[in-house]
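**Student:** have a look; sequence and predicted model below, questions after that.
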Number of protein chains: 4
Amino acid sequence: MIIVMASKASPEQIAAVTAKIRAAGLAEHVSCGTERTIIGAIGDERALTPDMFELMPGVERAMRVMKEYRIVSREAQPTDTVVRVRGVPIGGETVQIIAGPCSVETPEQMALSAAAVADAGCRLMRGGAFKPRSSPYSFQGLGVEGLDYLQQAARQHGLPVVTELMDVRMLDTFLEHDVDVIQIGARNMQNFDLLKEVGRINKPVILKRGLAATISEWLMAAEYIAAGGNHNIIFCERGVRSFETAYRNMLDVTAIPVLKKESHLPVIVDPSHAGGKAWLVPALAKAALAAGADGLMVEMHPNPCEAWCDADQALTPAELKALVGELRPLAQALGRNL
Amino acid sequence: MIIVMASKASPEQIAAVTAKIRAAGLAEHVSCGTERTIIGAIGDERALTPDMFELMPGVERAMRVMKEYRIVSREAQPTDTVVRVRGVPIGGETVQIIAGPCSVETPEQMALSAAAVADAGCRLMRGGAFKPRSSPYSFQGLGVEGLDYLQQAARQHGLPVVTELMDVRMLDTFLEHDVDVIQIGARNMQNFDLLKEVGRINKPVILKRGLAATISEWLMAAEYIAAGGNHNIIFCERGVRSFETAYRNMLDVTAIPVLKKESHLPVIVDPSHAGGKAWLVPALAKAALAAGADGLMVEMHPNPCEAWCDADQALTPAELKALVGELRPLAQALGRNL
Amino acid sequence: MIIVMASKASPEQIAAVTAKIRAAGLAEHVSCGTERTIIGAIGDERALTPDMFELMPGVERAMRVMKEYRIVSREAQPTDTVVRVRGVPIGGETVQIIAGPCSVETPEQMALSAAAVADAGCRLMRGGAFKPRSSPYSFQGLGVEGLDYLQQAARQHGLPVVTELMDVRMLDTFLEHDVDVIQIGARNMQNFDLLKEVGRINKPVILKRGLAATISEWLMAAEYIAAGGNHNIIFCERGVRSFETAYRNMLDVTAIPVLKKESHLPVIVDPSHAGGKAWLVPALAKAALAAGADGLMVEMHPNPCEAWCDADQALTPAELKALVGELRPLAQALGRNL
Amino acid sequence: MIIVMASKASPEQIAAVTAKIRAAGLAEHVSCGTERTIIGAIGDERALTPDMFELMPGVERAMRVMKEYRIVSREAQPTDTVVRVRGVPIGGETVQIIAGPCSVETPEQMALSAAAVADAGCRLMRGGAFKPRSSPYSFQGLGVEGLDYLQQAARQHGLPVVTELMDVRMLDTFLEHDVDVIQIGARNMQNFDLLKEVGRINKPVILKRGLAATISEWLMAAEYIAAGGNHNIIFCERGVRSFETAYRNMLDVTAIPVLKKESHLPVIVDPSHAGGKAWLVPALAKAALAAGADGLMVEMHPNPCEAWCDADQALTPAELKALVGELRPLAQALGRNL
């Protein structure tokens, strides 16, 4: 922690700051400049917070020197984590594409979807049984029945499944249904009780970025899961809220290299929710891989025009297959497989 | 719903759109302009969504004409709702100030807090027993014990209490502890399962705005609660995320008159979390009242320097009392009481 | 400047940083913590920039300790500046309201406008002769002819005039027309050549905040003007760009107390451009005064429905007069006059 | 234009709207829904603006149906524009990389820079002689002398030059120095007088996106240039302002496919100013190409540690060469050359 004193801080005010540093078990290092005195707190600064000091008389501001995340940090583990989902590696050389419909609708729709996902060469399947909808009057998902349809269809093609958990009370049901990857949605990125619960199990977790979460907050949300003992965490960038109205969310590709530098965990991207339009998906998918993403999560529906939600962002089976075909040489040019 | 066709849309494409409108039980009204054909869907457009049309060939875009919120809308109820909390009205002529510490710490701290809140002339007390913290290593609140301390201190002065609920599983405990107002925090504004649960009870709910939630999303979150039967909802603006780094969040005072126009529900403001600094609270509190807020939620701590969280945003008891003294003539100049 | 070294920085890397500090004429102060070494540069840090250090091997980041603005800073001048415009003080006890139409249209419209501005009790008049319009096909203002109409109408009522300068080449014309206050619009806040030019004259300047300018950038833009010798600067907050679509810009009331703390210059607010709707103006105007603004700039048109631009944000003469009537007791409750 | 009437609009209010539409030379089409009446204005809606209607009694809102940009729109010209700079095509099959230092410093620095740019295989050179700096006390560029150094160094290697114009009064000097491409910087994107001036010449113009400009505003800024007769416009995305503090600006890759859909003009990306850090440039450069950019503008300095500005975002000559080497197979995988 670095504490910058105001230009006219008195010796008593400086002494009060150093006393507080010592009381927390750290040592101080006082540097008297020509215009400001700066005090460094030496030791484990996790015992301190900036606001412990910023309210003290004569203090201008206090800044952390250390990052607050530990387990998920690259400093804690220099090598990349590869999360394995029933044998499918996420992170590492091979880029993975998770595909499937926004919401589970019917057994037929899911059977067609699973066949299309497998046919396109994707190795994991997604589908929402519980849907976070901004309106209480919109379709809220099939619920537990949806988990059944999803698993039945996916197992037929040997595809592990990814589905979103919104309510802590449903976690046991998810485990009973042997969901392979639990997705925590953007709106729940800081639902700390939910994070703590998925931290207690050892299923892989896809942690989507909050609508306007900073990368630092996102890393701390992952730290909540990791602190519980579950280190099988995959970040998923899905666009953030911005002033631009030409598309839904602003895909933050810069977050990818930043996460890779700060953390050892894999990073995937959801180009479908980012742009919010099917025609934007190919460009965003390519940009994500080029920026270093370890995978993609793409919406596909056997018949987008008839989809029960987010119809205009779903690819058709043919479009998904074409996209995978375009991504393969791109992955190779980037030194990866797909 | 208005559907704007692309400039070269074919008669077949226009026919497909009108067929889809009819299939949903509405009628169409086709308007052929010189450059575009525009189709209006006449009837209850809640049966339609823009993405039902935007994926169809020849469609440029589709726009809702109606707002999606119903129960909470000013159209549904032209007169202002006054939410009564153990006799204290929120909304209406009298401005209410809810004050208290960020987190419940000790019985002594709470006794001092409650005395200071009452002494300042505030009629409700706040205090957090369950704290949403960005770090898993930060103090997470005292939990149930904190609810006890809060109630014991507040009841001594006849103050109804406001406290945050983060986890659906704790709702029964909140009811057993007779919490007077349940606060839904910014990070849970779109935790739809939590919203549904507080919609099933009849306790007043303070619904804080999400970190980057639009006013429309916020109204829809309130609609989730209202749709369950609980209409005792109070909006709380607490600043939104922005590019500015000189303070914590950007207080959106414009949201106040917009909410008042769109909804009949009361609106309060939290100037403490907005600015994130105690010295900003008076200016923001005044701006909030002047913009039409029905009340304030202000952080106060008997000894801010020793507060266990958010120390730099808490007022001292003397500062709170002085602020209330300054707000009283302001409220009168605005035609209200305090 | 504080330079934080990476956790594994070598002694050579530390030595290179201290050598660079000394080369710039400053002294270093090295603080070896348990996890990081921190180096303080002691002396006038204006000779340094963070990026001088951030590219050096072993450096994690570098941070300024001092603010970059000097002349406009509260440290440089603790007392409030009062800018006098032909006898009318801006800043200080009396709140000033500048009113008038968005654009100068005709002599008749300006005569009616000036009469209405004076009748409402406002002491300065605004009107645009050169208009920054997002479309090249929109009305661009009457130009020099507009300056004539503005002055003729305003002088009739003894009102000093405020009008926007967009092009350095028009500065002489503005001086010849004896424009009383030159407005630099939001889109030109960082048009540095324009700032330098208005820094060379001694006319008062209203400096509007850029669409997404930080307060620090805004202060630095004012510093450009002040560095040229012109200290008659008035900040004008006019809302910033945000994700919210319910209104035009997000009025940043928190900027008012922050500017007041950081600078001695007066601050006014433009509630008309902020909200973009006439019905929002009263609430925003009140919020601005309550937050500490020294004045307002309000759009008024004798017949808003017929205005040539921004029709939906202009007040009628009667609405302006009613607003001033509501603001007067508010100003008094805030300890000011109007 | 579509005008949505309020739910209780009277027949007189509807009649007033239709009268206004007819007065502007268009025809109306009235559609009476069950809850709202919707009026379409048929004809050239460029004669109308939404605020002409939104202030009228009984009108809820008015929306444009047509885009406001014409010459730069894809509708106006379905085929891609290729801008030729002394024989070098921008747009089309070949991806171009413009490289060079942030600012022109000395003849030696420029000679080394030009040699490195050519050696890396780049075909155009950049360098700033006039620098927009947020502080008046920072180095403002060498000015005209810088233009000389830039041209002398670049011509040695047959490289056309790109440099920023900030002040309309310098345009003649730019033409005399035979600057090949005039760059309009982010801070001047809506400096409309400057746009009009570069619209009157026939030199290629790189138009950088404003710090928080919407894509629509950016297209309109280009339309200002095009309306003057100069159609040699190249868009340059350079990141926008966001809430994220882990890097400088948020690179908006989604803007690339959106611009390509809306306009026929070429689009390049500046990964250096976007991320603000040299280590981020490769990932962002790749993402930009993958998203469909026609080129890049990259900062390179013979000795970044000694650069006079933006030192931490400049690549070394070796890093630039390595980057071009990595981009070549990527471009091929995307079906383009480099």
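**Tutor:** That came through, no problem.
**Student:** domain-wise, how is chain A divided?
**Tutor:** A:2-63, A:83-333 (automatic domain parsing).
**Student:** okay if I get the ones you listed as a markdown table plus mean neighbour count?
**Tutor:** (C-beta placed from N, C-alpha, C; glycine too.) Supplementary listing: those in a markdown table, determined by neighbours: other C-beta atoms under 10 Å in any protein chain shown:
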| stretch | mean neighbour count |
| --- | --- |
| domain A:2-63 | 18 |
| domain A:83-333 | 22 |
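**Student:** could those domains go into CSV alongside distance to residue C:21?
**Tutor:** Below are the domains of chain A laid out as CSV (distance: least, C-beta to C-beta, whole Å):
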stretch, distance to residue C:21
domain A:2-63, 12
domain A:83-333, 26
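**Student:** export these to TSV and tack on distance to residue B:65 and mean pLDDT?
**Tutor:** Formatted as TSV, the domains of chain A follow (distance: least, C-beta to C-beta, whole Å; pLDDT from 0 to 100):
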stretch	distance to residue B:65	mean pLDDT
domain A:2-63	47	85
domain A:83-333	16	96
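**Student:** dump the ones you listed into JSON lines; add distance to chain D as well.
**Tutor:** Shown next, in JSON lines, are these (distance: least, C-beta to the nearest C-beta, whole Å):
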{"stretch": "domain A:2-63", "distance to chain D": "12"}
{"stretch": "domain A:83-333", "distance to chain D": "4"}
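**Student:** who's in contact with the residue in chain A that chain B sits nearest to?
**Tutor:** At 3.3 Å from chain B, residue A:212 is the closest residue in chain A, using C-beta to the nearest C-beta. Residue A:212 makes contact with A:240-241, B:211-212, B:241, C:243, D:243 under the criterion C-beta atoms under 8 Å, 6 or more residues apart in numbering or on different chains.
**Student:** then residue A:56?
**Tutor:** Counting by C-beta under 8 Å, 6+ apart, residue A:56 touches A:13, A:16-17, A:20, B:305.
**Student:** of these, just say which sits nearest to chain C.
**Tutor:** Once C-beta to the nearest C-beta is applied, the member of the contacts of residue A:56 that ends up nearest chain C is residue A:17, at 14.6 Å.
**Student:** so that closest one, which state does it fall into?
**Tutor:** helix (DSSP: H, G, I helix; E, B strand; the rest coil).
**Student:** correct me if wrong: it contacts residue A:57.
**Tutor:** No. In this structure, residue A:17 is not within contact of residue A:57 by C-beta atoms under 8 Å, at 9.7 Å.
**Student:** tell me where the stretch 201-338 of chain A has strands.
**Tutor:** Under the criterion DSSP state E, counting those that start in this stretch, the stretch 201-338 of chain A carries strands at the ranges A:205-208, A:233-237, A:267-269, A:295-299.
**Student:** got the contact list for the first one?
**Tutor:** Residues from elsewhere that reach strand A:205-208, judged by C-beta under 8 Å, 6+ apart: A:162, A:181-186, A:189, A:198, A:218, A:221-222, A:225, A:230, A:232-236, A:238, A:268, A:270, A:297.
**Student:** and residue A:112, what does it touch?
**Tutor:** A:302, A:317.
**Student:** before we move on, what SS does it have?
**Tutor:** Relying on three-state DSSP, one would call residue A:112 helix.
**Student:** that one and residue A:218, how far apart?
**Tutor:** Distance of residue A:112 to residue A:218, computed by C-beta to C-beta, to the nearest Å: 34 Å.
**Student:** over to residue A:245?
**Tutor:** Distance, residue A:245 to residue A:218, by C-beta to C-beta: 24 Å.
**Student:** could you do residue A:290 as well?
**Tutor:** In this view, residue A:290 and residue A:218 are 21 Å apart by C-beta to C-beta.
**Student:** do the same with residue A:39
**Tutor:** Here residue A:39 is placed at a distance of 31 Å from residue A:218 (C-beta to C-beta).
**Student:** same check, this time on residue A:31
**Tutor:** Distance from residue A:31 to residue A:218, by C-beta to C-beta: 34 Å.
**Student:** go on, residue A:70?
**Tutor:** Counting by C-beta to C-beta - residue A:70 and residue A:218 are separated by 15 Å.
**Student:** one more: residue A:204?
**Tutor:** On the measure of C-beta to C-beta, residue A:204 and residue A:218 end up 17 Å apart.
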